[in-house]
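Student: Provide a 3D model corresponding to the input given below.
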Amino acid sequence: MQPAVYILASQPRGTLYVGVTSDLIQRVWQHKSNLAEGFTQKYGVHTLVYFELHATMHDAISREKQLKAGSWVKKWS
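Tutor: Coordinates of the predicted model:
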C-alpha cells in the first residue's frame, strides 16, 4: 500500500483529525464505521476532506507532524 496523510472533519468548519496510514481506503472505512476507537469516534469525525500520498512512511509521518503543528485556521486554508 501507499503511505498517506489524511484529514477528517466532523462537519464544515468543525473538529479536525490528522492521521497517517498505509491503507487510506481501509482506514477511512474504519473511521466511518466507528471501528477506530478514540478521538474520531468520540467527536464524530468521519468525513475525509483532504489527503496526500507519499513515497515513504517516513515522508508521510513528517508531513503529519507538520500539519499537526499548524493552527486550525491554517488547516482550513
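
Student: Helix, strand or coil: sort out Gln2 for me.
Tutor: Three-state call for Gln2 (DSSP: H, G, I helix; E, B strand; the rest coil): coil.

Student: and the residue nearest to it when sequence neighbours are not counted, how many neighbours?
Tutor: Leaving aside its sequence neighbours, Gln2 sits nearest to Leu53 (Cβ to Cβ, 6 or more residues apart in numbering; 5.3 Å). Placement of C-beta: from N, CA and C, glycine included. If you count neighbours by other Cβ atoms under 10 Å, Leu53 ends up with 12.

Student: Does Val5 touch His54 like I think?
Tutor: Yes - counting by Cβ atoms under 8 Å, Val5 touches His54, with 6.9 Å between them.

Student: Touching both of the two, which residues are there?
Tutor: Common contacts of Val5 and His54 (Cβ atoms under 8 Å, 6 or more residues apart in numbering): 60, 63.

Student: neighbour count winner among the two?
Tutor: Val5 (24 against 17).

Student: and the more buried one, what does it touch?
Tutor: 18-20, 51-52, 54, 60, 63-64, 67.
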